[in-house]
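Undergrad: Fold the following for me, if possible:
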Amino acid sequence: MTRKTDNWQEALDLLVKGNENFYMGATQHPERGRETLFAQYVQQFPFAAILSCADSRVVPELLFDVGIGDLFTCRIAGTALSDAVIGSLEFAVEGLGVSLLVVMGHENCGAFRACIEKEGHANVRGISWQLTPVIEECKNQGITEPGELLRESIILNAKKVARQLRSLGPILGPRVTNGKLKIIPAYHSLLTGKVVFFDPVD
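TA: Residues are numbered from 1 along each chain as shown. I've put the predicted structure just below:
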């Protein structure tokens, strides 16, 4: 049985607790067997949606110590937006009743690093137009040290994407306004495994 909840705070509490299990080395690996999968053959009941990077080291189900069917995940390099990503998240909210949407960047993101270092830039040209302005915004704030620039750009991007999603109609924005949805940016440390959640976008 999945842990479906219509309350965004309860959903966030589940993510926080699951992540604590992960970074403390006390994971419970709940409900990941074939029986769980078969039980959800007809319908799924995720309690949260996660937009994160496609990086192979970032696996939301592991980071939050949840089982099959608990999370509706969209993964794309750089945690960038596209029409397909937006449509997928709208489906999670409208079609599946998800009340919490987390936009999660992560430490040492290769897409951002490529844009900063100008190496392998062509490999991410499909999303660099979204990432480069974020990097330049951080530079304009006086952030120039490479490590800090990388980290702050990733965090700023998560917050920016969260705000962009909040502004979208006719599904996401109105549900934030009426209190049925919370969109929260977050940052995942590869070194510690901990996920830091920032304030929800208003």
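Undergrad: count of neighbours near residue 155?
TA: Burial of residue 155 is recorded as 19 neighbouring residues (other C-beta atoms under 10 Å). No exception for glycine: its C-beta is placed from N, CA and C like everyone else's.
Undergrad: just checking, next helix/strand downstream of the host helix or strand of it?
TA: Taking DSSP states H and E as the definition, residue 155 sits inside helix 146-166. Next along the chain after helix 146-166, taking DSSP H and E as the criterion, comes helix 172-177.
Undergrad: and that next one, which residues are buried?
TA: Residues 172, 175, 176 are the ones in helix 172-177 that count as buried (16 or more other C-beta atoms under 10 Å).
Undergrad: just checking, what packs against that helix?
TA: Secondary-structure packing of helix 172-177 (3 or more C-beta pairs under 8 Å, 6 or more residues apart in numbering; DSSP states H and E): helix 146-166, strand 182-188.
Undergrad: Give me the distance between the longest one and the centre of its chain.
TA: Averaged C-alpha coordinates place helix 146-166 at 12 Å from its chain's average position (C-alpha atoms, centre = their mean, to the nearest Å).
Undergrad: now swap in the shortest one and tell me
TA: In this view, strand 182-188 has its centroid 6 Å away from the chain centroid, taken as C-alpha atoms, centre = their mean.
Undergrad: what comes into contact with it?
TA: Strand 182-188 has contacts (C-beta atoms under 8 Å, 6 or more residues apart in numbering) with 8, 12, 52, 58, 63, 99-107, 154-155, 158-159, 161-162, 165-166, 172, 176, 194-201.
Undergrad: If we use 7 Å, what do you get?
TA: 8, 58, 63, 99-107, 154-155, 158-159, 162, 165-166, 176, 195-198, 200-201 (C-beta atoms under 7 Å, 6 or more residues apart in numbering).
Undergrad: and that strand, which strands flank it?
TA: Strand pairing for strand 182-188, determined by DSSP bridges: strand 100-106 (parallel), strand 195-197 (antiparallel).
Undergrad: I'd like to know which of those strands lies nearest to residue 127.
TA: strand 100-106 (13.1 Å; C-beta to C-beta).
Undergrad: helices and strands of this protein: which one bottoms out on pLDDT?
TA: helix 34-39 (a mean of 59; mean pLDDT, DSSP states H and E).
Undergrad: immediately after that helix, which helix or strand?
TA: By DSSP H and E, the next helix or strand past helix 34-39 is strand 48-52.
Undergrad: And that next one, what does it pack against?
TA: Counting contacts by 3 or more C-beta pairs under 7 Å, 6 or more residues apart in numbering; DSSP states H and E, strand 48-52 is packed against strand 71-75, helix 83-90, strand 100-106.
Undergrad: Would you reformat the ones you listed as JSON lines and include mean neighbour count, mean pLDDT and distance to residue 188?
TA: JSON lines is the format used below for the helices and strands packed on strand 48-52 (neighbours: other C-beta atoms under 10 Å; pLDDT from 0 to 100; distance: least, C-beta to C-beta, whole Å):
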{"stretch": "strand 71-75", "mean neighbour count": "21", "mean pLDDT": "97", "distance to residue 188": "12"}
{"stretch": "helix 83-90", "mean neighbour count": "15", "mean pLDDT": "97", "distance to residue 188": "18"}
{"stretch": "strand 100-106", "mean neighbour count": "26", "mean pLDDT": "98", "distance to residue 188": "4"}
